[in-house]
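Visitor: Need a 3D model of the sequence below.
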Amino acid sequence: MRSATRHKNPLMTLVLLMFLGGFGWASWHFLVEERVFANDSRPTPPASEIERLRRLCHEALLSDDCYDGITSFNWRENGSRYRVDVQIRDGCTQQNARAIARRLSELVERATDGYPAEVGVLVLGRELWHFVP
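Guide: Below you'll find the model as predicted:
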């Protein structure tokens, strides 16, 4: 009769070692390098600065045929970035929305000390494109 002892499989040991190594690398990457749980909140910029950026974005998009208006422009304190919601006209394509979002994000980043902008492009109140830098 055979005893119920556990036989160690070297291949399974290698697989478990590789799994633990991969998990350790992913943990290091996301927790230390990317700082996923970091809470680097910056104070809200003055209202005059937010209004200046809003006006700058509005003037930059006036020549665009799809542009209909900025619905909101605010500061995300925990994300340390601006959030812009832009309304475009019905009938504009996703390609137009993508171009407007990227253009606005780059404009805000240049106009500030490198703070990026998260841009949501809306058509008839529904989000068509969302750009996160």
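Visitor: Just after whichever strand or helix holds Gln95, pick out the following helix or strand.
Guide: Following DSSP states H and E, one finds Gln95 within helix 94-111. The element immediately downstream of helix 94-111 (helix or strand, assigned by DSSP H and E) is strand 117-123.
Visitor: counting contacts, what elements does the helix holding Gln95 pack onto?
Guide: The contact analysis (3 or more Cβ pairs under 8 Å, 6 or more residues apart in numbering; DSSP states H and E) places helix 94-111 against helix 47-61, strand 81-88, strand 117-123, strand 126-131. Placement of C-beta: from N, CA and C, glycine included.
Visitor: List the neighbouring strands of the strand ranked longest in the chain plus their orientation.
Guide: If you go by DSSP state E, the chain has its longest strand at strand 67-76. Neighbouring strands of strand 67-76 in its sheet, by DSSP bridges, are strand 81-88 (antiparallel).
Visitor: what's next to the strand it pairs with, contact-wise?
Guide: Contacting residues not belonging to strand 81-88 are listed as 50, 53, 57, 61, 66-76, 96-97, 100-101, 104-105, 108, 112, 115-123, 125, 128, 133 [Cβ atoms under 8 Å, 6 or more residues apart in numbering].
Visitor: Pull out the buried residues from those residues.
Guide: For those, a neighbour count by 16 or more other Cβ atoms under 10 Å gives the buried set as 53, 57, 61, 66-68, 70, 73, 75, 96-97, 100-101, 104-105, 108, 112, 115-123, 128.
Visitor: rewinding a little: quick one: the helix holding Gln95 to strand 81-88, angle?
Guide: 140 degrees (axes from the mean of the first three to the mean of the last three Cα atoms, to 10 degrees).
Visitor: Nearest residue to the middle of this protein?
Guide: With distances taken as Cα atoms, centre = their mean, the residue of the chain nearest its centroid is Val132 (2.9 Å).
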